[in-house]
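J.: here's a sequence, model it:
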Amino acid sequence: MNPALRGAGKITAVFFSPDGELAAVASAFPLLINPRARAVYGGATLRYRVGLYRRGEAAPFATFDALRLPVNDVAFHPTRPAIAIGAGSYDGGYLFEGDLVIWNWADGRSRRPCLHVPEVVRCRYLDDAGQLEAWVRPWDESWDEDDDRAAPAADTLLRIRIDDSDAAWRAGEPAALDLDETTAMVDATPPDDGLAATRLADWSGLPDLGLRGAIWDLAWLDADTLGATHDACLLDRYDRNGELLSRHEGGGRGSEILPAAAVTVHALAPPDPADIFRRDSRLYVLRDGQLAAARDCTGGAYTFSVDADGRLLGRQDRVGSRARGAADILLDPALAREQRLDIGHYDCFNHYIGINGAPCLFALQGTPPGSHEGKYLCIVHPDGRIERLWPVLKPDRTPASHAMECRGAYVDDALGAGVVIAGKHYSPTVDGAYRGFIYRKSLARGQERWRHATPASASAIVLADGLVTAAFLDGSLMLIDARTGDLRLSAKVRLDGIATVIYAMAARDGILAIGTLDGRIALARLADLPARTGADGNLDLA
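T.: Modelled structure (predicted):
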């Protein structure tokens, strides 16, 4: 069910210790942009990782996750259990953003010796005392503006020297960095050969690392079969023991699993080299163990939701020139009859809600409908009629009353029918602290039953066994009593002791299935989760 190599995302580079016994594996993890008509970034903490592995071991013995830019180089200290990590990239417009971190994996301490640094391309230790040399890009593209003889900034490296002695660690203060233009040289770094994972497999003795991308969606297809979507298939089917029953492949990849009487899979068309902005979708239906194409949806990015009777609502992203004639669609359970309608503006940050399996179909609509502000929860009736219920957040004319990055779930218990919605309060400043919410409201009148602040945007929410189970982009998981709102659990998730982030969940018969951004799937009994939380506040689901 899971990759042989644990704790890695997309492997971008591998660096070996001088004695060849350790490997520093640089990974990148995907942002939560699934389906294409949904984008969720708020509070995300895990984007890049350096994991340290011993030869022959499938799990890292240490990981460093406090990175915000791609890793370009790693240097092992000659005597201490420490590495220097050089990172950075071009921002696409003007700056060469960078990061330089020195990390002691034995005690977990790390330091950034520079207040600011441009993109770090290479680094190495010069001696046992800890003199670190690094080669960096210029600060920005202005490097060659006044000198026609200078190499372009993107082809230029400048040398810096960093004191990594014990005294520097004790001082602890980062220093301002001045670049010495006399050290400039033309970058001769060889291009990436794309064979980092192959070199790691040869070194580790694991012939097949089994790597795969994020688990985008999960659903129990029946009491004993779990469905999963990821980049390498339209749909995988597993039994409860983790054995792969079947893999369904075809053009593109699976995005959303929409279970009802029949299981529908929303798949994304493969990239078109001739048209990079193409965002077509295809719906497949699973019948008698076969996944058959049922309907194509073209012209723009879609997200689909399904009600308890199998009716589908497709909302089309209105952003982009292709969407000028965009329309939302209602499909009958057989996917045979299509009704086109216009619920209003839709964009990937503002209008996704993701409520499935309810007696009716739900959508978010702005005020007026062509706006992304003043969002109301709406019911979309089978005849296409749109019933506005109540505002997602109280309209008090402050930026915080603008809800973004929402995720919802339907609940019906002794308190009556209601919905749980998690989201983010909009902040007009990029450096504003994240403010999130999760609440339950009654469906008919919008009466609030309970509310909690959240540390990040929700990736997934499921209702089962009287509990709201919500996963967040900072790697945390909440269990909330659906009726009282009592917080039963709030913990950071681990798999085999390694931090991860849940991107997908499904629950049935007391069993919670989780799928992570590093391509792993785990099953756990919901009732056991509070007792499995350690004194450190971490919950290991492996």
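
J.: show me where pLDDT drops low in this protein?
T.: By pLDDT under 70, the weakly predicted segments of the chain are 146-149, 320-325.

J.: burial count for the nearest residue to residue 34 once chain neighbours are set aside?
T.: What sits nearest to residue 34 in space, not counting adjacent residues and going by Cβ to Cβ, 6 or more residues apart in numbering, is residue 216, at 4.5 Å. Every C-beta, even on glycine, is put in place using the N, C-alpha and C of the backbone. Neighbouring residues of residue 216 were enumerated by other Cβ atoms under 10 Å; the total is 24.

J.: quick one: contacts for residue 216?
T.: Applying Cβ atoms under 8 Å, 6 or more residues apart in numbering, one finds that residue 216 lies in contact with 34, 229-231, 253-256, 503-504, 515.

J.: hmm, try it at 10 Å
T.: For residue 216, the residues meeting the contact criterion (Cβ atoms under 10 Å, 6 or more residues apart in numbering) are 30, 32-35, 228-231, 253-257, 268, 503-504, 515, 517.

J.: phi, psi of it?
T.: Here the main-chain torsion angles of residue 216 (degrees, to the nearest 10) amount to phi -80, psi -30.

J.: before we move on, what about residue 527?
T.: Torsion angles, degrees, to the nearest 10, at residue 527: phi -70, psi -20.

J.: what about the closest residue to it other than its chain neighbours, how many residues nearby?
T.: With Cβ to Cβ, 6+ apart as the measure, residue 510 is the residue that lies nearest to residue 527, at 6.3 Å, once sequence neighbours are left out. Applying the criterion other Cβ under 10 Å, we find 12 residues in the vicinity of residue 510.

J.: looks like residue 510 contacts residue 469 (just checking).
T.: No: between residue 510 and residue 469 there is no contact, the gap being 11.7 Å when judged by Cβ atoms under 10 Å.

J.: correct me, but residue 217 touches residue 228?
T.: Yes: checked against Cβ under 10 Å, the pair residue 217 and residue 228 is within contact range at 7.2 Å.

J.: list residues touching both of these two?
T.: In the contact map built from Cβ under 10 Å, 6+ apart, the residues linked to both residue 217 and residue 228 are 235, 254, 257, 504, 506, 515.

J.: same list, those, but as JSON lines with secondary structure and neighbour count please.
T.: Listed next are the shared contacts of residue 217 and residue 228 as JSON lines, based on DSSP: H, G, I helix; E, B strand; the rest coil; neighbours: other Cβ atoms under 10 Å:
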{"residue": "235", "secondary structure": "strand", "neighbour count": "25"}
{"residue": "254", "secondary structure": "strand", "neighbour count": "27"}
{"residue": "257", "secondary structure": "strand", "neighbour count": "25"}
{"residue": "504", "secondary structure": "strand", "neighbour count": "27"}
{"residue": "506", "secondary structure": "strand", "neighbour count": "23"}
{"residue": "515", "secondary structure": "strand", "neighbour count": "26"}
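
J.: considering those, which is situated nearest to residue 6?
T.: Of all the shared contacts of residue 217 and residue 228, the one sitting nearest residue 6 is residue 515; the distance, using Cβ to Cβ, is 14.8 Å.

J.: roughly how far apart are the closest one and residue 32?
T.: When Cβ to Cβ, to the nearest Å is applied, the distance between residue 515 and residue 32 equals 12 Å.

J.: hey, what's in contact with both of those two?
T.: Counting by Cβ under 10 Å, 6+ apart, the common neighbours of residue 515 and residue 32 are 214, 216, 459-460, 503-504.

J.: and the residue nearest to residue 527, what is it in contact with?
T.: Contacts were defined as Cβ under 10 Å, 6+ apart; by that measure residue 510 touches 464-465, 524-528.

J.: count the residues that sit near residue 258.
T.: Residue neighbour count, defined by other Cβ under 10 Å, stands at 21 for residue 258.

J.: and the helix or strand hosting it, what does it pack onto?
T.: Residue 258 is part of strand 253-259 when elements are defined by DSSP states H and E. Contact partners of strand 253-259 among helices and strands, from 3 or more Cβ pairs under 10 Å, 6 or more residues apart in numbering; DSSP states H and E: strand 217-222, strand 225-229, strand 235-239, strand 263-268, strand 281-287, strand 302-306, strand 502-508.

J.: per-domain residue ranges of this protein.
T.: Per automatic domain parsing, the domain ranges recorded for the chain read 10-204, 392-542.

J.: out of these, indicate the one that is most buried.
T.: Looking across those with neighbours counted as mean count of other Cβ atoms under 10 Å, the highest average goes to domain 392-542: a mean of 19.

J.: contacts for the longest helix seen in the chain, please.
T.: Counting residues, the longest helix in the chain under DSSP state H turns out to be helix 196-204. By Cβ under 10 Å, 6+ apart, the residues outside helix 196-204 that reach it are 4-5, 8, 10-16, 20-21, 23, 25-26, 53-58, 193, 195, 206-211.

J.: 8 Å - rerun?
T.: The set of residues that contact helix 196-204 without belonging to it, under Cβ under 8 Å, 6+ apart, is 5, 11-14, 16, 20, 23, 25-26, 53, 55-58, 207-209, 211.

J.: now, those that are in strands?
T.: Secondary structure assignment by DSSP state E places 11-14, 16, 23, 25-26, 53 of those in strands.

J.: ok, back up a step: closest to residue 306 out of the domains of the chain?
T.: Evaluated over the domains of the chain, closeness to residue 306 peaks at domain 392-542, with 11.5 Å, by Cβ to Cβ.

J.: any idea how far apart the tips of the closest one sit?
T.: 36 Å (Cα to Cα, to the nearest Å).

J.: numbering from 120 from now on, please.
T.: Okay, using 120 as the starting number, the last item reads as domain 511-661.

J.: and that domain, how far out from the chain's middle?
T.: In terms of Cα atoms, centre = their mean, to the nearest Å, the gap separating the centre of domain 511-661 from the centre of its chain is 15 Å.

J.: now do stretch 247-257
T.: Between the centre of stretch 247-257 and the centre of its chain there are 33 Å (Cα atoms, centre = their mean).

J.: and what of stretch 388-397?
T.: So, by Cα atoms, centre = their mean, the centroid of stretch 388-397 is 22 Å from its chain's centroid.

J.: returning to that earlier point: would you turn the shared contacts of residue 634 and residue 151 into CSV with distance to residue 471?
T.: Compiled in CSV, the shared contacts of residue 634 and residue 151 are given as follows (distance: Cβ to Cβ, whole Å):
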residue, distance to residue 471
333, 17
335, 14
578, 12
579, 12
622, 14
623, 14
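
J.: which among the residues you listed gets closest to residue 163?
T.: When the shared contacts of residue 634 and residue 151 are compared for distance to residue 163, the smallest value, 9.2 Å, is given by residue 578; criterion: Cβ to Cβ.

J.: give me the residues contacting the strand or helix carrying the closest one.
T.: Residue 578 is located in strand 577-583, with elements delineated by DSSP H and E. For strand 577-583, contacts defined as Cβ under 8 Å, 6+ apart pick out 151, 159, 473, 524, 526-530, 539, 541-542, 555, 557, 587-592, 601, 620-627, 629, 631, 645.
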